[in-house]
Each structure stands twice: as structure tokens, then as C-alpha cells.
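In: here's a sequence, model it:
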Amino acid sequence: MKVIVSVDSVKFPLTGIGRYAYELVTRLQSQADIDLLLLANGSLLRELPVINKKNQPARKATSGIKDWLYGKLRANYLAVYVFHALKTFKTQKLLQPHKDAVFHGPNYYLPKFNGPCVASFHDLSIFTLPHYHPPERVRFMRRELMLTLKRASMLITGSEYTKNEIVTLLGYPADRVRVIPLACSADFHSREAAETEQCLKRLGLEHGAYTLFTGTIEPRKNIDALLDAYAALSSAIRSQWPLVIAGFRGWQSEELHKRIEAAASAGWVRYLGYVADEDLPLLFAGARLFVFPSHYEGFGLPVLEAMASGVPVVCSNSSSLPEVVGDAALMCNHDDTEGLQHLVAKALADEGWRTDAIRKGLSQAARFSWEKCAAETMAVYRELADRN
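Out: Numbering: from 1, shown residues only. Down below sits the predicted model:
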């Protein structure tokens, strides 16, 4: 069976969809019964492009100007549309001789393709919560996703919640949507303090002495509510277990960063920014608690990473999160700041609940694996190839 997978999203640093594509392709490459080609930057490859930061090309002195210009172009709908149209045309031409293959777009988009094709839709926030995205992104993605729906032979999504949204909101046939949950890296597992000590010392932290949140700093992650809830805790709790926030600066994050800086000055918040891939599992494993009050998630990989790390979880009960955590976490409505405060206090101090939550979390996390994700994705490819 011949398969072509787009890997344009696989680039440093690996986050979200890039991580999904990387983990999936890594497993597919070990399968002897498929002829796998990878579409990357207008070329068809046999191996994944290098993503290690150390192997990235050196930046030239003009990179600041180039970055500024690139940012301006990305914010211009017409420029993005023209670039994407040219790239799509080139891709379509490249794929013409390969109509005997199954094509997979792991990042929503599909070019015109004469053979069977499948796209992965990770969430529909671009339709349901457009105010959490830049307007130009909403306009572009809505147009491209509707084209993908017309072109796709089938869709893959990570949760029943997102499948229901695809069927209900977009009118896509339910029998052409496959739910294939994601997983987390085997690097996320329980660790003793001695294993995390070196990393945490470098970050200025101690094992078991902080509450953790990871994610892009943006309105959709509901960090405002997290800060409100944590500020309402007693000073003794905040002093013993400060809140550690790790993640990139995102869209409309200026006010959030002001709040984070004020809380950091008061001594109960640490902002780490982006944390390197090799450090992130250690940061998770060293946390006393993971809190994730997000408004909306297509899957919610961070809560899975926390459970796999043997760390209790408090999260919102919105979108797909209940599917991922099962009965292992404490949950409340994302708008219930007082409820979140009480759950955090309980999760930090109630040793009986914590022991039970860690046990249940490890068991729940064990249900997800990239091997299972790859096998179920392969089954979709075979189904499409057999139809063809």
C-alpha cells in the first residue's frame, strides 16, 4: 500500500499538530507493508526532515528584518492566500503521478488529489470560538477547511466531541469520520526526586513543590481564571506550592503577561516561557499538581502527559477533556473560578484523593499509545485503498 503523508508541520519546536505528525510518521516508517512517502516543503522524501534545534541553519544578521517582514506578511490575508495558493498548485503538480497512493493531511488541509485522501481535523474552534483566533486566521482557515471537506474521502479526529461537532456543525457524514485518540511520549512517566533534581535546579524549582500549567499563553487557555483562582488561595498554600506557567507567548497575550508578571513579583507565580522538549517531561514529573482550565480543546494532550507522569490533574469539564481524563481528575466548569479554587486547594492538600488520582491517572494514561494511534490510522488507509 502506497501512502503519502504531509509533514510540513514537523518543525522545531515540536508542538501540537507537529508532534502528532512526527509521532505518527515515526511509527508508520517501521511498517513493512506500506510504501511511505513524506511531503515536505514541496518535495517528496523518504525520511523526516531534521527537527533538532542544533541542526537548524544559522541565523544571518538580517534575520530580525526578515522576521518582521514575515510577521507582517502572515497578518495579511491576501499575502497568505497567494502564498498558500502557489504552494497548493505546486503540491498538486507534484502529486499527479501518485494517484495510486492514499494521501493524508495531518494538519487539516488537503490539496486537490485524484486518489483517496484523508485529513485530520483536531478541533473546530475556528468555527465555534472564532474570537479566540486572529481574524485573518479565521477567514483563511474557514475557507480552506471547507475545501478540505469537499476533497476528503474521510476525516480523522482525536475525540468523540470533535467528531460530533464535525457532523453537527459542518454536516459531514458520521460514517466518514474516524475517532483516533492521540497519545503522549513515553518520556512522560513517574520519576523520583533524584531523577528530576538536575533539571529542576536549573529552572529554580523543587520536586513536588509547585503547581504546573503548560500551554500557549492565549485567551482560549483560560489563564485569567487560573490566576484568579490561585490568587484566592491562602498565602500559605501559594507560598508552599507556587504556580509555574510554561508556554509560548500567544495571540492577545499582552494583558495576561502583565498579570503573570505582577503575580511573579508577588512571589507566587513563575513564568518559564518555552521549555525544551528534553526538560518538559521532567518538569511534569516534578509537579505536585497539574491544572488546565481551558475553554476548549480538541484533545487536550497536556492532561494526558500529566497523568502519565503520575501527577494529579484539575481541569475544566469542557469539550474533549472529560474523554481524556476519565474519572481520574477533578473537574469544574471553565467559568467557575470559585469552584476551581476549591478543587486546587483539595488537590494540593488531600493526600487520600491524591493517591487515588495518581493511580487512576496512570491507568487512564496507559489506554493511549502512539502505536495504537498509528495502527488505527493504518486501518483507515487500508479502508480507503480497498475502496479505490
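
In: who are the contact partners of residue 357?
Out: 312, 313, 328, 329, 330, 347 (Cβ atoms under 8 Å, 6 or more residues apart in numbering). Using the backbone N, CA and C atoms, a C-beta is placed for each residue, glycine as well.

In: what is the least confident helix or strand in the protein?
Out: Within the chain, confidence by mean pLDDT, DSSP states H and E is lowest for helix 63-74 among all helices and strands, at a mean of 53.

In: still on that earlier bit, neighbour-wise, which one of the contacts of residue 357 leads?
Out: Counting by other Cβ atoms under 10 Å, residue 313 has the largest number of neighbours within these, with 29 neighbours.

In: excluding its backbone neighbours, what's nearest it?
Out: Leaving aside its sequence neighbours, residue 313 sits nearest to residue 329 (Cβ to Cβ, 6 or more residues apart in numbering; 4.0 Å).

In: surely the one you found meets residue 317?
Out: No - if you go by Cβ atoms under 8 Å, residue 329 and residue 317 don't touch, sitting 9.2 Å apart.

In: what about the strands in the stretch 151-300 of the chain?
Out: 154-157, 177-179, 211-214, 243-246, 269-273, 289-292 (DSSP state E, counting those that start in this stretch).

In: er, the stretch 1-150 of the chain actually
Out: Going by DSSP E, counting those that start in this stretch, the stretch 1-150 of the chain shows strands at 2-6, 35-40, 43-45, 102-105, 117-120.

In: want to throw these into a markdown table with mean neighbour count?
Out: Listed next are these as a markdown table, based on neighbours: other Cβ atoms under 10 Å:
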| stretch | mean neighbour count |
| --- | --- |
| strand 2-6 | 22 |
| strand 35-40 | 18 |
| strand 43-45 | 13 |
| strand 102-105 | 27 |
| strand 117-120 | 23 |
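
In: hmm, back to that, okay, the contacts of residue 357 in TSV with secondary structure, pLDDT and distance to residue 298 next?
Out: TSV is the format used below for the contacts of residue 357 (DSSP: H, G, I helix; E, B strand; the rest coil; pLDDT from 0 to 100; distance: Cβ to Cβ, whole Å):
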residue	secondary structure	pLDDT	distance to residue 298
312	coil	98	23
313	strand	98	18
328	coil	98	20
329	coil	98	18
330	strand	98	22
347	helix	98	25
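
In: now, which of the residues you listed sits nearest residue 216?
Out: residue 313 (18.7 Å; Cβ to Cβ).

In: phi, psi for the residue nearest to residue 313 please.
Out: Dihedral pair for residue 329: phi -120, psi 160, per degrees, to the nearest 10.

In: now stretch 206-223: buried residues?
Out: For stretch 206-223, a neighbour-count test (16 or more other Cβ atoms under 10 Å) marks 207, 210-223 as buried.

In: the contacts of residue 357: which two are farthest apart?
Out: 328 and 347 (11.6 Å).

In: so residue 101 touches residue 115, yeah?
Out: Yes - between residue 101 and residue 115 there is a contact under Cβ under 8 Å: 5.6 Å.

In: with neighbour numbers in mind, choose between these two.
Out: When residue 101 and residue 115 are compared for neighbours, residue 101 comes out ahead with 25 against 17, by other Cβ under 10 Å.

In: for that one, which non-adjacent residue is spatially closest?
Out: Going by Cβ to Cβ, 6+ apart, residue 101 has residue 2 as its nearest residue, at 4.0 Å.

In: in the stretch 1-150 of the chain, where is pLDDT below threshold?
Out: 51-81, 83-85 (pLDDT under 70).

In: returning to that earlier point: how about the strands of the stretch 1-150 of the chain, which one is nearest residue 283?
Out: Among these, strand 117-120 sits nearest to residue 283 (Cβ to Cβ), with 27.4 Å.

In: what's in contact with that closest one?
Out: 17, 20, 102-110, 148, 151-158, 380-381, 384.

In: please tell me how far the closest residue to residue 5 other than its chain neighbours sits from residue 97.
Out: Using Cβ to Cβ, 6+ apart and skipping the chain neighbours, the partner closest in space to residue 5 is residue 104 (4.7 Å). Between residue 104 and residue 97 the computed distance is 18 Å (Cβ to Cβ, to the nearest Å).

In: one more: residue 378?
Out: For residue 378, the distance to residue 97 - Cβ to Cβ - is 23 Å.

In: who's more crowded, the two?
Out: Higher neighbour count among residue 378 and residue 97: residue 378, with 19 against 9, using other Cβ under 10 Å.

In: secondary structure element for that one?
Out: helix 370-387 (DSSP states H and E).

In: mind listing the helices for the stretch 151-300 of the chain?
Out: With helices called from DSSP state H, counting those that start in this stretch, the stretch 151-300 of the chain shows them at 160-170, 193-203, 223-231, 235-240, 254-266, 280-285.

In: returning to what we had before: could I get the strands of the stretch 1-150 of the chain as TSV with distance to residue 89?
Out: As requested, the strands of the stretch 1-150 of the chain are exported to TSV (distance: least, Cβ to Cβ, whole Å):
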stretch	distance to residue 89
strand 2-6	15
strand 35-40	14
strand 43-45	15
strand 102-105	16
strand 117-120	17
